[in-house]
Every structure is written in C-alpha cells, then in structure tokens.
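Chemist: pasting the sequence and the predicted coordinates here, then a few questions.
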Amino acid sequence: MSDHKNDIQNPAPNYWRSFEELYSDQKFLAEKNNEFKEGASDAPNTDKMSPISRRKFLALLGASAAVAGTACSDYQDKGEIVPYNNKPEEITIGKANYYASTCTGCSSACGILIKTREGRPIKIDGNPDHPVSKGKICSQGQASIMGLYDPDRLKSPKRKIGNGLDDADWQEVDKEIVLALSTIGSREIAIITKEIVSPTQNEVLKDFIKEYPATKVYSFEQFNESIRKNAWQKCYGSSDFPFIKWNEAEVVVSLDADFLGTGSHRVENTRLFTERKNIMNKKFNRLYSIESNLSLTGMNSDYRLMLRPDVQYSFVMAVINELQKKNVITNSVNASAFSLSKLAGDFGLSEKILNHLVNDLSKKKGKAIIYAGDHLPENVHIAVNLLNEELGNSELYDTEHSTVNVRNLSSLNEFKNLIDKMKAGNVGVVIHFDTNPVYNLPADFNYAEALQNVDEVVTLTEVENESSGLSNHVLPIHNNFEAWGDSKTRTGFYALQQPVIAPLYSTRQKESILLTWINGDTTSYKETIFHEYLMANWENSIYPTLNSKLAFNPFWYGALHDGVVRSNDISNGIEDFNYSVIMELKNAQVKSDGITIQIKESYSLRDGRFANNGWLQESPHPVSKVTWDNYAAISTTTAKQLSVKNDDVIEITVNNRTLEIPVFVQPGHVDNSITIETGYGRTNSGSVAEGAGFNANTIFFSTGGLTPWVYEGAAIKKLSRTYNLVVAQTIYDFTEKDKKDLPQKRGIIREGTVEQYLNNPHFLNGKEHKVLESVNPPVPYDGVKWGMSIDLNKCLGCSECFIACNVENNIPVVGKEEVDKGREMHWLRIDRYYSGSAEDPKVSLQPMLCQHCDQAPCEVVCPVVATTHSPDGLNQMIYNRCVGTRYCSNNCPYKVRRFNFFNFRDSFNDGYQESPVFALLHNPEVTVRSRGVMEKCTFCVQRIAEARSDATREGRTIKGSDVTTACQDACVTNAINFGDINDANEEFYKYRNHELGYYVLEELNVIPNVTYLAKLRNTHSEEA
Amino acid sequence: MSVDYTIEPPVVHGRLSIAQIEEMVVKPLDTKPDKKFYIAITISGTFLMIGAVLLLITFYYGIGMWGNNQPVGWAFGIVNFVFWIGIGHAGTLISAILFLLRQKWRTGIARFAEAMTIFAVMCAGIFPIIHTGRPWLAGYLMPYPNQHGIWVNFTSPLVWDVFAVSTYLTVSLIFWYTGLIPDFATLRDRTTSKVKKTIYSIFSLGWRHSHRHWQHYEKTYTLLAGFATPLVLSVHTIVSFDFAVSILPGWHTTILPPYFVAGAIFSGFAMVVTVLVFVRKIFDLQQIITLDHLDKMNKVILATSMMVGLAYGTEFFIAWYSGVAVEQFAFLNRAFGPYTWAYWIMVTCNVLFPQLFWFKKIRRSIPMMMVIVILVNIGMWFERFVIIVVSLHRDFLPSSWGMFIPTLYDVGILIGSFGLFFTLVILFTKALPVISISEIKAVSDGAQPSYHGGENHE
C-alpha cells in the first residue's frame, strides 16, 4: 500500500529522450514548451518560395501528360469537328445567316428566305420582300430542304451499260452526248422541260437551239391552267388572265375550284381570302363551294353543295338563267334549258342554299367573284367569265399585275406530234430537262414505248425517276439550294435564285450542262459557267430595262440580297369582253351517265415531284388524314351501291385502261363520282417514294375525257383484295348517337355564326370568363409569360405550320407502319372533325399542339421530374432526365405528347435518316431525340432562348414580340399569334383576350396558354 | 349432413402423427426429382426463355416492339404489373391477416401462398422497369442524393409505387424467411449431406428449438404479421392511385382503391387455388391441404367476386350520376365500344362464373373449381386490360383516339412472366418445405394439450 502511494508521488521511471532532457538543459526546456519550431507558425514568405504554385505545377503536369499523350497518337484523324482555322467571311458560329432566293419547286417561283447555320441551309421561309410570297411559302417549299440532303440523290453521272446504269465520268458522258448532238443529221433533238419561268434559262435554251438547230423545246406541266387561259383568250383576247382581289370579295363562289388548297397561286389566294375573315375589324366574306370531293376549300366554305364536275356547266348556266329571270343580268345568252330547281331535284342540292347563292350574287354585284376550277371544261370558264362580267365582278380583277409567260407550255397536240416523230424514228436525242415525262405524260401517249426508238435519251435529274430508268445517260443536277437562277412570273418584278451551299456531290447546274454542250468542248466546264452566263444576261438584257441608278455590280449584289428586283413593266390590262363567245355556250343539257373520275394533284406530293420527301409523304391529307397513300375517294352512297368499304381495292376502267386502287369513303363526296389524287405509285424514284400509293396516271389521258383531268362513264369492279390505308386520325362513325357532335359537346370546338357575333360579341363566353378555383395557391407569373392564339376563322387546315414545325424541330419520319400503329411524331397536328350527316358533313378544323397548361396534368405525374414548368410559363421537357414511363402522355387530355418508341431515325427505311448527309439537315439548336424519351411542342424554346440572349446583349428585357414560332412564321393566313400574355401593349394581347377566345376542354381547369378564337360561319340567320 | 359449428373441424385430416407430417412435407426435398418435375420445369423454363429472348429484343430495339402507341401509352406492361401485384395479395392476406385472426386452417397453405406472393411481386416488379423507354435509367425513380440536386417527384403515383412495391417485397421476404427459420433447423437436423447441412445451418441462424427461441419467434412473427397486414390494403391502393390520381375518364374515380384491393384478393386466391390443387395432388399432401381449405378459399373468392361486381356496377352508376359526359362515354365505350369483348370477358369471368361457388358441391369439386379459378384469373387480367387500355384508347379528344393491337412481343413477355412465376414455384417445391412444418405440427390433432385429451371431434 505504501509502495503504491510512493509511486504516485514520484512518477517514475523518468523517461528521457535526450541528454538535454535528462540533464534539464534550460534552452531545451524553453523549446519544449513551444509546440512549434520558431517560425513554423509564421505566414509563409512567398518571395522565398518557388515561383511555381501547386496549381501551376499540377497544370503543367497535366498539360505535359496531355501533350505527351496526344503527340504520340494520331490526333489529326480523330476529330469529326473541323474548326474554322480560317473563319469564313459572314459566318459566326452559332449565328444563323439568311439568304434570299427563289423556290424552284413549282412554276410559282415563290421568294424564299433560306436560314443557314455554319454554311448549311436548314430552314426555308417565305421572303418578306417578295411581292407575292410576303414572307410565306407553301408546305412543299418548307419541306423541300429535305430534298437537298436526300441520301437517295444521284452522286455522279451514270451511263447505261447493258440493262443497268453505271457510274461514269462527266467528261466521257459529255463527249458521248455532244457526239450524239452534233451528228444528229436530219433528226430532231427534243428537250422536255417543266414550265419555264427563268428568263436566263430560256436564253440558254435559245442558245442551244442556235447551236443545234434541230432542237425543239417542249414544256409540260401535268396540272396547268391551259383551259382557263384558252377561255380568257376567247373572252378577252389575251390568255394572261388577271389575279383576283380575293380580299375585296364579299361573296366567293367556287365551282369545284380548290383555290385555297392546290394550284400555283395558293399562297397568295389564301392570304388574300382570309384577310376578309377578320375578327378584329369584323369583316367576313362568304364562301359558297360547289364541288365534287370535299376539298380544303370546301372544308372552309360557309355553304357547300355537292356536284359532279360534268354537271358544273349546267349549274353555271342555270345560275345565269335564274339571274336573267330576276333581271339581274341582261345578256343575250340563251340558258333557258337550264334550271336550278331541276338541278336541285336531280342532284339533291339544297334549294335554300341555291336561293341564298342567287340572292347574294344579285345583291353583291361587283363585290362577288365566281371562280371555276382549272380542270373544268372551257365552256364553264367562259360562262363564269360572262357571269362575272355581267355582274360587274370584273371590278375584283387585279388589273395592275398580270402573268408573264417566259415560254408557253406546249399543247398536248405538240406532244402528240413529238411522239409520232419518236415512233417514226425521227428523233435522235431526247433530253429530259429536270422533268419526268414517263410518269407525268398522259398514258395514251405511250411515251415509254416511244422512247425505245430514240438512240440517245438523257435525263437531268436530282433523284432517279421513271424517266431516268429508260435513259442512256442520267446526269445529276444541283438542288435548288446549290444552284443559280432567276425567274419572271408576273409583271412588276424579277426574282433571283442563289446557291447557299457548295454542291454536295459531283452534280452540275442543269443550265451549265447545256452550256457545256453548246460549247462543244467538254473540258470547258467550270462550276461558275452558268453564274457568269446569268450575270452577263442580266447585265446585257435585264439590267438595262430596269433603269436602275446603280452601277451593275452594286445593283447585282443588292438584288441578290433582296432576292427580288422591282421592274417597271406594266400589266396589259384587260380588254373588253368579247360577247361573240356566247355562241360557245350551248343551250343544251349535258347528259352523262355512269361514274365520273377526276384526277387531282396531290396536296402533299403535287404531281409526284415531291414523292421522295418523307415529311410530305407522312403529312396527313388535309381532309381525309390518310398518309403515305392515295386512294379512290367515293361517297357513302356510292360505296353502298358498289358494296365497297374502306381499304377494298377496286378496278377502275376508263378508255380501256385500268387502275387498281383502294377505296376511301369520303364524307361529303358527291355520288357517282370518284376523285383520285396522283403523284403516288412512283417506281425507281428513291427509297421513300417506293411503294407509296398507286400510279393514277395510268388513267390520265390527253383525249377521251371531258378535260384531261375528268372522265365520264368509268366502269368499277370490286376486287377481292384489300389494301391497308393508314389514317392519322381515327375514323369513327360521327353520326352514331353517342358520338354525335362530340367535339362540340366536350368543349373542344366552339363555333358560332357571324350574325350571332355581330349581334352579341360576347355570345360565346358571356361577359366574364369563369375561372375555377384551385386548391393550390396560384403561381405568380410576373415577367414574360408565353402564350399563343390560334384564330380558327383564318385557319384553313393546310398543314403549312405542321411542316414548318417538322423542319424546325427535327421531327423524324417514322414510316407508314408506325403511323398505322399511331406513333407519328408530329408535335403539331391539325384535327379535323365532322359533324352533321355522313353524306354532307360540316367540318371543323383545329391545330392541336402542347397547350403549355399552367396546371399541367403531365407535370404532376412524371416520377422523375422530367417535365416541369418554367418561370415564363412554358411546359418543358427534359430529355436527359426522361425515363420514358409515358405517364405524362396518358394524363395529357390533348394527347399532344409524342414518344420515341424506337430510334425512328434508325428504324425507318433502313436507317435512311441516319446517313451522314442527313445530319446536316438538323437544326443545331434542337436536340435530336433518341429512343425512349417523350417529346412535344416546346413553343420553339430555342427561338425564345435566342431572343433572350439577344435582348440581354442589347441590355434590355425580352418582349413578347421578339419571338415568333416556326408555325406562326409559316402560317400563310396569320392565324397563329404568339407573345407575352402579360403585356397589354402588344398585338398578341388583343387576341389572347378576345371575346371569341376559348380554351379547349376548359372545364378541366388545366389553364392552357393556347387560346383558340372560335370559328364563325357566315351563314344566314335562318340556318343558325 | 349435419355440421356442428361449435366444434372446429380438424385442420389436418387422418390423425397423422407429428413424425408422419414431417415426413410428408419433407419428402419432395429428400427424393430425387422425378420425370414429372422435369417435364414441368421444361415447360415453364421454355416460357421463361421465350419471355427473356423477346425482352432482350425489346431492350435492343425499343418499346416499339410492343403494341403501345399514342394514345395507349400503357398496355400489357402495366396490365401485367397490376395483375401480378394482385396475385401476390392472397399470400399476405393468408399469412398475416388470417394469422392475426387465429384462423388455424391458414397454416396448411400459408407458406405456399407467401412464396407465391414473393414470386408474384418479383414478376410484377419487372414490368415497371421494362416498360420504360430507357430501362437503364430506371434508377432515376429512386430518391437518392446526387450531384444534379434532382429529387424524384413526390407527387407522382409512380414514385409511390416504387416505395409501395419495394416495401411490400421486403416485408414479405422477411416475413416468409422468419417463418422458415424453424423449418430450416428441422431440415438441418434431418439431412446427412454435408453441403445441405452447411446451407441449412446458415439459414437456420443457429436455431435450437429452445423455449426462448420459440418465445422470440412467436413474438416476432406476430409483430411481422401486424406489420404486413396494412400492406395488404396499402399496396394495391397505391397501385390504384396510378390511375385514380390521373385525370383520364375511367381512371379518375375514387372507387379504385377498394375496388383494386378486393380484386387483388380475388385474383390472388384464385391463383393460390390453381396452384395448390396441383401441389397437393403431386406431392401427396391431400391430408394437410384438405378440401376444407379449398372450400374456404372458394368462399373468399365468392365474396370478393361480389365486391368486384359491386364495384363494376358502382362505376357505371357514378358515371351516370356525376353527369360528366366524357366519363359516361368512357364507361359506355367499355361496355359497347370496340373492346366490348374484353369487358364482357371480364364481367362473365369475374362476376358470373364465381356465383357457382354458392353451391357446396361445386366449391368442393376439384375439376369445377379449377375451371372457375382459371376463368377468374383470365377475368382479372382482362379487368386490368379494360381499365388501362380501354380507358386510354378513347379519351377526351376524338381526334386522338386509337386502337391498341398487341404484338407477338406483348404476348410473349406475358407468357414469359408466367414462365418465371411457375419456374420459381416449381423450384420452390423442391427446395423448401411447401408447408410450414413447425406450424402444421402445432395445429394437428393432439399436438396441443386439451382438457379432453385431444378428442375434440366427432
């Protein structure tokens, strides 16, 4: 115990670590009390330290490792991104450049504005400076950008060897052709072209004829206005018919004329027509449509009557007779054999509508216009011209401008002669100058057969086609966006076309090819050969006529910048009506029995020239919503009589030629008549066009019909086959009791009449908008909040917005099978609803896109927060976060969300959209979505972002009017408006808060940011 | 035949001794698999492989291999998910709720039903993952801290599903395993194989059949039963929220939770009966899984069938009574629309056929009950099809109506899920005692002390 005590008092053993410690050295003891050595805890003296910091050392270490690593590897070959070592002039990375040019898709030659990014064109819009386009362009023009990057384009010239085509060298091919041209002897050289609208191209052809005098040029368009021109020639002594001031017409009567849907003046027609459907100044026109098939024009008519094309003559004459009886018009034409009431009885027309029509025509003298379809026979056009003249409606002819024909189209007789010569072996060379006569020429010409007697057939084309398959030489030509050109379609201006990208392949401008042949020396070809020719032609022949104050060079660059040049050539005006044509109007009923067939231009593929364009193929038909195919449209009654239903294949026999085609029962089609759109059934024309639809041109004739597009007395046989037509919008029986008027009952479509509206502007909603209370506190949106309004009075359902959306947002083509399954990827679609009877339905149209609801049902159900709301009111989609549960789509009442069930770029047409060239098409500002993610309309968020960064750079806040969406830009009728909901000073605010505004499915209280302005039908009160 | 309801009928028939019971239950584990086993596993394995191959192809190309589309975003995938989750419910009900209610007859079937629960939940659990567009990102559905600072969306019923189903699987697994511990010990004691002994030793967690072990065991088991009981109600309630919380007509109804729970028990019992009928025959367990068991289960099927029937009627009534036109259309479309056949298969199989169970003869007739329970299984699958696909295919905007047509892949993967389920069931019968040895011993005649020496019947 005591030992223990001792231990505590004297804690030993005494451990020592050094002698200093053991002997208790004073210095040591003092040091021991300091934990750190002197100076160790002072701030370090940086002057004394190495100049290389830790960071720098690490950076150097990393850099030297990287340098060592990359220097030893083949770095140069790895990168696919090539930096601009020498930055091209004009190009700023990330900034789009716009170039004015001209669309060569059809003979309208619309002015276009091409958006290019880093030197590649990615989007086409109308040129705002162009007097006709006014910033708008048709859907084909929008979609034509896909043609530039079409992987099916010919990449080098080809020469026929044996039965196939083999790649060849330009020089060799040129040599062979020049030899054939120069040894032609007494035989003919035939150049077959589309309608020529380019003065300089015409000069090239003239030079060609000078060099090779045996040459004849034939121009052909399958759908043209030759009958109208002939009628005008007879009536007014000039085939240059005037344009119509649709915007001043209070009443429009369309006789089977789809002037809003097809034809070369469509863009201008729709713009002017809908100017008079104005809910702001409350001016509304009234459209009567007397037509056979339900057309885009018919869908938008206030009154619609169904009449076969062959009865149209009787109809006009009966109207003339009726107006004569009422002493509204007093001309000497004898129309006594025709009567409206008899027609009404024979064809089941509504007497009430006929009365309204006659009354309107007599009351609105000089403010109405009657317009006949291009395919109707000459006597209809003459009668219409007479009627318009007598009613004083010629006031509405636009006499300030008239058409200019650079080169007249060849008549069918000229072609007949050519084919006779070919058959007789008198034609040595045929050159298909960017045209496809084997497909488009009337079947009775047997053009393909006649070609066999021609030694040298040359086809100049971008993508192979029916004609190139029968050629000895196939020469690839520049796309619209790689080529130079000019155009002259009307008085008052010229338009210019300029390349915006260097040629992608070994192609040549089609005019340059001719110029090389004219030169004869095949080595003389230069890429600039036509460019120089064009400039020379302008400098020498066009520039002097313009009286420009500028020297040629500044003038030229200014012209290229603007895309259009005003000229002071004036319209010839209209001569007096030549009353002797009245003799042509026979006072006898036209009798026709059996079934009438009408061949029409396709809404999306035109005459077939756009068949290899996936976007257009997949674009639903504006009326039937059928995609990827054409069909025989027939009425419900006729379908019953023939005991056929949708998808049944029928055999149509006209003039001993047959066509097998599936049936589509079209509500609103006239009985005993069939309408078929052509442009489909292409062969050897690219992998997209292949297998889509049926070639209706097998029953397209030069003679034997009422006109080349209308035939009577067709025999129909039902075949036992069926063919699956794919409709993008489900067909259901809208006349069944539980489905009748569903869109109206559910608050999807809300409509009224003009009269209702004028009497009570608030008839739709009452004075106040009822807002349902939410259990959640409302989210404040203090800044800019984006919204859209869609004016259903102006929306014609033409699909232009839809194509623009596809182009802007990199929407993939999914193919027919996938559309059939309901997997199309369109962010924006046009819903078409029928109401009323299946025989004569009323049509309501509605563009449907993401409504960007404030209380979006999709947002709450996403388990991974992949869809959220932005502070500026956008419903956003975060692709990276999306797992793909599709719950959001299930919970979306508008069903506007689209899911990538596959990597559609890979799954469609053997990965066609994944070919490297296709990648150039994509808008770099929009993510290319792969499989497994949901997507939908973003309100073009990339444009909002760009506008915001512009505003920030300029030191201001973003305004609603800074942004336009792609659909809005594309809408010809300006039905779509976009802007800031909160900004009362903006134009958009008026639309957003208009008394006709409503939300679709308002009772769900999801509070959409898309306002629809209710459609008003301009019918008489007793119809309401 | 007069029945004295004051006396409980014996749970185990034939006055088997405790040793006999053990012998009977363990026999499949002791004997080598016979030909029947190989045939059965070949068939189910083939189904499983079909499903697996089609699933791999789906993974490779995308969900587009299935028939799903716009507007039918959910189809077979979610139908199968709800179906299998429903099947699972019988197990938990039998093992947990009936345990708490001291229903002795449950002991003969509880182990098996619980195993089926686990297998069914495993089958079910596959579908929410594989039906997504990008299954490799399914982890995004779990709330885990991450550098993006993104959390899951707690308002989404799919997230609730993730919690509900994973909880359900975990609890069921633990509950099942706890019950297995004494049996593992028994097996350990019986076996002579060294490998088996090691495995059984590990899983028996040192169980020595001591009083203290039993005491802890009983308490744990009761607690777990109490824990599992609310899950019977909550899991399918939450599954039904996937639909009830949405705004789609036909989904957006408050009746869905009870309706789904009743349906789940209904289909689960039907599946248990389907499988037990075979198991008791093949493994010669008629004395333990008696006709009385099947009779009782058929009664439950009858009761839940009528609940489901009532729900069908109520839905129509509410649709009419609510005055909501879209809702009315949705229900008329179910009954008379393009998928009318699916609706009437559902009603016939789920409401009409089970009514035959009012007759005792039918309740106790093996062939009759087989037909009916299989029809119930079919009917319940179609119920989910009707709710999910038929509601989706025609919703608000007539412009976006569509049709769903299943593809080979849809059907194949459904078959594959059955393959997985039965493969697991078959392996289970050879790997573990299908009846709780310790529990069944406890409820057999004479096992418990009684005042008249166990002579408590007839």
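Modeler: That came through, no problem. Residues are numbered from 1 along each chain as shown, chains lettered A, B, ... in the order given.
Chemist: just give the closest residue to the residue of the stretch 401-550 of chain A found nearest chain B, not the sequence neighbours.
Modeler: For the stretch 401-550 of chain A, the residue closest to chain B is A:Val463, as judged by C-beta to the nearest C-beta, at 28.5 Å. In this view, the C-beta of every residue, glycine as well, is placed from N, C-alpha and C. Leaving aside its chain neighbours, A:Val463 sits nearest to A:Gly686 (4.7 Å; criterion: C-beta to C-beta, 6 or more residues apart in numbering or on different chains).
Chemist: am I right that the residue of the stretch 401-550 of chain A closest to chain B is in contact with A:Lys155?
Modeler: No. With contact defined as C-beta atoms under 8 Å, A:Val463 does not count as touching A:Lys155 (10.8 Å).
Chemist: neighbour count winner among the two?
Modeler: A:Val463 (25 against 14; other C-beta atoms under 10 Å in any protein chain shown).
Chemist: who's the more buried one bridged to?
Modeler: Under the criterion DSSP bridges, A:Val463 forms beta bridges with A:Arg153.
Chemist: restricting to C-alpha, output stretch A:750-764 in CSV.
Modeler: C-alpha atoms of stretch A:750-764 as CSV (Å, rounded to 0.1, in the frame of the first residue of the first chain):
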residue,chain,number,x,y,z
ARG,A,750,-66.9,26.1,-80.2
GLU,A,751,-68.4,27.9,-83.1
GLY,A,752,-71.0,30.4,-83.9
THR,A,753,-72.2,32.5,-86.8
VAL,A,754,-71.1,35.9,-87.9
GLU,A,755,-74.6,37.2,-87.3
GLN,A,756,-74.6,35.9,-83.7
TYR,A,757,-71.3,37.6,-83.2
LEU,A,758,-72.3,40.9,-84.6
ASN,A,759,-75.4,40.9,-82.5
ASN,A,760,-73.7,39.9,-79.3
PRO,A,761,-69.9,39.9,-79.3
HIS,A,762,-69.9,38.0,-76.0
PHE,A,763,-72.2,35.3,-77.2
LEU,A,764,-69.6,32.6,-76.7
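Chemist: residues making contact with that stretch?
Modeler: A:279, A:282, A:284, A:744, A:792, A:844, A:995-996, A:998, A:1012, A:1014-1021, A:1023-1024 (C-beta atoms under 8 Å, 6 or more residues apart in numbering or on different chains).
Chemist: tell me the pLDDT of the residue of the stretch 501-650 of chain A found nearest chain B.
Modeler: Per C-beta to the nearest C-beta, A:Lys625 is where the stretch 501-650 of chain A lies closest to chain B, at 8.9 Å. At A:Lys625, the model reports a pLDDT of 93.
Chemist: now A:Ile161
Modeler: 86.
Chemist: and the buried ones among the contacts of stretch A:750-764, selectable in PyMOL?
Modeler: Here is the PyMOL command that picks out the buried ones among the contacts of stretch A:750-764, judged by 16 or more other C-beta atoms under 10 Å in any protein chain shown:
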select buried, chain A and resi 279+284+792+844+995+996+998+1012+1014+1015+1016+1017+1018+1019+1020
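Chemist: which of the contacts of stretch A:750-764 fall in helices?
Modeler: A:Gln744 (DSSP state H).
Chemist: how near is A:Asn765 to A:Glu1003?
Modeler: 13 Å (C-beta to C-beta, to the nearest Å).
Chemist: got it, and B:Val165?
Modeler: 34 Å.
Chemist: more neighbours, the two?
Modeler: A count of neighbours by other C-beta under 10 Å puts B:Val165 above the other of B:Val165 and A:Glu1003, at 20 against 13.
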